[in-house]
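K.L.:
Requesting a structural model of the entry that follows:
(one chain, ligands or ions: 2)
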Amino acid sequence: MKITFIRPNLSNKRSADAMEPLVFAILAGLTPPDVELSLLDERLEPVPYDHPTDLVALTVETYTARRAYQIATQFRRRGVPVVMGGYHPTFLPREALQYADAVVIGDAEGVWEQVVRDAQAGKLQRIYRQQKLPALEGLRLDRSIFQGKRYLPLVPVQYGRGCRYACDFCSIHAFYGSNLRQRPMAEVVAEIEALNQKYIFLVDDNIFVDIPKAEALFRALIPLKIHWVCQVSIDMAHNASLLGLMAKSGCLAAVIGFESLNEDNLRQMKKKWNLRHGDYATAIQKLQDHGIMIYGTFVLGYDHDTVDSFAVTVEFAIRAKFCLANFNPLTPTPGARLYDRLQTEGRLIYDRWWLDPRYRYGQATFHPRGMTADELTTGCFQARRQFNTYASIFKRALAPITNCHSVHHLGIFLAANLISRKEILSKQGLLLGGDVPLQPLLEAT
Ligand code: B12
Ligand code: SF4
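P.N.:
Ligands and ions are numbered 1, 2, ... in the order given. Presented below is the predicted three-dimensional model:
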């Protein structure tokens with residue numbers, strides 16, 4: 001039997017920031033050895049619909065749903081069954097089932113094996129539901145499917161899943177609830193050692209969910225002499241010993257959700273805790289004093305934002321000499337509490353923006369209170385452009401403890417900024433899935 005894994009693209013432009021799609025290393029590790037596997041990553045290569053295969057397995061996020069459905073339609077027209085999994089089908093299985101033969105709800109471990117057995121027997125079920133949150137012991141990732149593909153030399157590794165917070169716009173809490181699971185530290189360290197790569201991205205939603213476990217991991221990373229980046233909540237900056245270990249173990253940069261400079265917005269999104277230990281400037285200083293570069297993310301469009309918020313936010317990010325930053329229009333995704341609130345308030349512009357051919361990447365999808373939807377779209381794009389001008393890159397580069405601490409740091413800073421600049425400018429305004437019409441094939445049952 002032949003199974004083809006597909007990672008759909010956002011639109012029809014190739015991507016310069018594609019990393020290995022970790023889920024397929026997990027699925028490959030769970031698949032019996034007699035099954036022949038291949039991977040098509042549409043961010044890097046076109047999908048040949050006549051590719052000989054017995055089953056297509058797509059990973060689907062909300063931004064890639066439209067494209068995933070188009071790809072599924074093509075394969076199903078050729079008689080190839082399609083299974084979908086990931087965030088989007090988990091939140092909207094009935095929508096996905098209009099385009100797929102089967103949908104996996106939740107984590108794959110313990111369920112994918114059944115999907116393969118059923119596909120081999122020609123008896124795919126419509127819905128496979130993960131009944132529990134599977135323990136993460138003994139995961140055997142098989143990265144051989146990534147061989148020969150031109151991914152960023154920043155290799156994703158996952159220590160744990162879930163986050164202890166519940167920001168109202170975020171999909172993580174909706175997907176995992178308040179459950180936090182971590183892999184045995186020794187298994188993660190062994191995986192990193194075996195990778196033999198210099199740059200690792202710890203993709204955990206928040207590496208700071210369990211302090212003793214984070215500390216144990218950082219200690220174990222010290223002898224490996226790698227460079228790593230992670231996502232972390234800002235409260236971590238106030239734990240001096242952990243911060244020291246983080247720096248000592250090779251942490252180059254941290255992605256931090258600042259989200260807003262306005263306390264009322266933070267309260268509304270259930271992220272007021274961002275300021276619990278002090279202001280942003282103090283936290284930033286502590287991280288940067290340890291040489292850790294910051295990728296700050298902001299979301300604009302909450303009720304207390306106005307047209308003035310864009311300039312204030314982007315100036316803050318430039319003054320703080322962030323290595324990278326993003327300024328996203330607040331976007332309600334299915335499953336998140338924000339989506340239900342905006343829907344109840346009658347503020348959504350589209351019924352389903354992710355499928356609507358009028359929606360373009362980067363656009364507002366709801367009516368904000370303090371500005372118009374068009375002002376939100378334009379304001380975020382301008383903020384992204386302003387942060388990524390050459391003048392801004394030059395100004396931010398001049399940070400002796402972080403961005404230009406060494407030739408190595410400066411090289412990474414410049415490469416990251418040039419890739420980010422290119423991606424931000426080229427993604428804005430793209431029609432998700434490109435200009436291909438979408439027709440439901442089946443009635444969901
Ligand atoms: C690393 C990362 C990125 C990287 C890219 C990663 C890459 N491989 O190239 C970068 C930084 C570029 C990125 C960009 C974006 N990202 Co991102 N990203 C992540 C992050 C942190 C980790 C991804 C990962 O490796 N996870 C580990 C794997 C193992 O988990 P998984 O994919 O969920 O798979 C598990 C299950 O979902 C399931 N499963 C998934 N697919 C399938 C398929 C089948 C067949 C089966 C059986 C099971 C299955 O099984 C797996 C394990 O059991 C996730 C958060 C997260 N926890 O996943 C956000 C996340 C996926 N990103 C998100 C978003 C919104 C984006 C952006 C759109 C942001 C923006 N506004 O531009 C962009 C564009 C994404 C795009 N589609 O092009 C959202 C998606 C929300 C949603 N509802 O779809 C997430 C969930 C973050 C969040 N907090 O909400 N991202
Ligand atoms: S801290 Fe980050 S990962 Fe956790 S719920 Fe908030 S936005 Fe999501």
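
K.L.:
Compute the first-to-last residue distance for stretch 314-327.
P.N.:
8 Å (CA to CA, to the nearest Å).

K.L.:
gap between it and the chain center?
P.N.:
20 Å (CA atoms, centre = their mean, to the nearest Å).

K.L.:
Going by neighbour count, which residues in that stretch are buried?
P.N.:
314, 316-318, 320-327 (16 or more other CB atoms under 10 Å). Every C-beta, even on glycine, is put in place using the N, C-alpha and C of the backbone.

K.L.:
does ligand 2 sit close to it?
P.N.:
No: Stretch 314-327 lies apart from ligand 2 when judged by CB under 6 Å from any ligand atom; the minimum separation is 13.0 Å.

K.L.:
need the contact list for the closest residue to residue 399 other than its chain neighbours.
P.N.:
The spatially closest residue to residue 399, leaving aside those adjacent along the chain, is residue 321, at 4.1 Å (CB to CB, 6 or more residues apart in numbering). Residue 321 is in contact with 288, 395-396, 398-399, 402-403, counting by CB atoms under 8 Å, 6 or more residues apart in numbering.

K.L.:
Buried residues in the helix or strand that residue 194 is a member of, which are they?
P.N.:
Remark: residue 194 resides in helix 185-195, with elements defined by DSSP states H and E. Under the neighbour-count criterion of 16+ other CB under 10 Å, helix 185-195 has 185, 187-189, 191-192 buried.

K.L.:
Same check on stretch 378-385?
P.N.:
Buried residues in stretch 378-385 (16+ other CB under 10 Å): 378-381, 383-385.

K.L.:
how about the strands in the stretch 251-400 of the chain?
P.N.:
Secondary structure of the stretch 251-400 of the chain, counting by DSSP state E, counting those that start in this stretch: strands at 251-259, 293-300, 324-329.

K.L.:
do the first one and ligand 2 meet at all?
P.N.:
Yes: using CB under 6 Å from any ligand atom as the criterion, contacts between strand 251-259 and ligand 2 involve residue 257.

K.L.:
That strand - what's its average pLDDT?
P.N.:
Throughout strand 251-259, pLDDT has a mean value of 98.

K.L.:
got the angle for that strand vs strand 324-329?
P.N.:
For strand 251-259 against strand 324-329, the angle by axes from the mean of the first three to the mean of the last three CA atoms, to 10 degrees is 20 degrees.

K.L.:
follow-up on the earlier one: mind checking which of the buried residues of stretch 378-385 land in helices?
P.N.:
378-381, 383-385 (DSSP state H).

K.L.:
Using JSON lines, lay out the residues you listed together with pLDDT and distance to ligand 1.
P.N.:
Converted to JSON lines, those look like this (pLDDT from 0 to 100; distance: CB to the nearest ligand atom, whole Å):
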{"residue": "378", "pLDDT": "98", "distance to ligand 1": "17"}
{"residue": "379", "pLDDT": "98", "distance to ligand 1": "15"}
{"residue": "380", "pLDDT": "98", "distance to ligand 1": "10"}
{"residue": "381", "pLDDT": "98", "distance to ligand 1": "12"}
{"residue": "383", "pLDDT": "98", "distance to ligand 1": "13"}
{"residue": "384", "pLDDT": "98", "distance to ligand 1": "10"}
{"residue": "385", "pLDDT": "97", "distance to ligand 1": "15"}
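
K.L.:
Make a markdown table out of the residues you listed and add distance to residue 108.
P.N.:
Output for these, formatted as a markdown table (distance: CB to CB, whole Å):
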| residue | distance to residue 108 |
| --- | --- |
| 378 | 40 |
| 379 | 39 |
| 380 | 34 |
| 381 | 36 |
| 383 | 37 |
| 384 | 34 |
| 385 | 39 |
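
K.L.:
What is the nearest of these to ligand 2?
P.N.:
residue 380 (17.5 Å; CB to the nearest ligand atom).

K.L.:
Show me what counts as buried in the strand or helix carrying residue 115.
P.N.:
Per DSSP H and E, residue 115 falls inside helix 112-120. Residues of helix 112-120 classed as buried by neighbour count (16+ other CB under 10 Å): 112, 115-116, 118-120.

K.L.:
Export it to CSV, keeping only CA atoms.
P.N.:
What follows is helix 112-120, C-alpha atoms only, in CSV (Å, rounded to 0.1, in the frame of the first residue of the first chain):
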residue,chain,number,x,y,z
TRP,A,112,-3.6,6.8,12.8
GLU,A,113,-2.6,3.1,13.2
GLN,A,114,-6.4,2.2,12.9
VAL,A,115,-6.8,4.5,9.9
VAL,A,116,-4.0,2.7,8.1
ARG,A,117,-5.5,-0.8,9.0
ASP,A,118,-9.0,0.3,7.8
ALA,A,119,-7.6,1.9,4.6
GLN,A,120,-5.7,-1.4,3.9
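
K.L.:
Looking at it now, give me its mean pLDDT.
P.N.:
98.

K.L.:
just checking, what packs against that helix?
P.N.:
For helix 112-120, the elements it packs on are helix 22-30, strand 82-85, strand 102-105, judged by 3 or more CB pairs under 8 Å, 6 or more residues apart in numbering; DSSP states H and E.

K.L.:
Residues contacting the longest one, please?
P.N.:
The one in question is helix 22-30. 5, 7, 37, 39, 57, 59, 85-86, 108-109, 112-113, 139-146, 156-158, 203.

K.L.:
Ok, the second one next?
P.N.:
Where contact means CB under 8 Å, 6+ apart, the residues beyond strand 82-85 that reach it are 23, 55-60, 68, 72, 75-76, 96, 99-105, 108, 112, 115, 119, 124.
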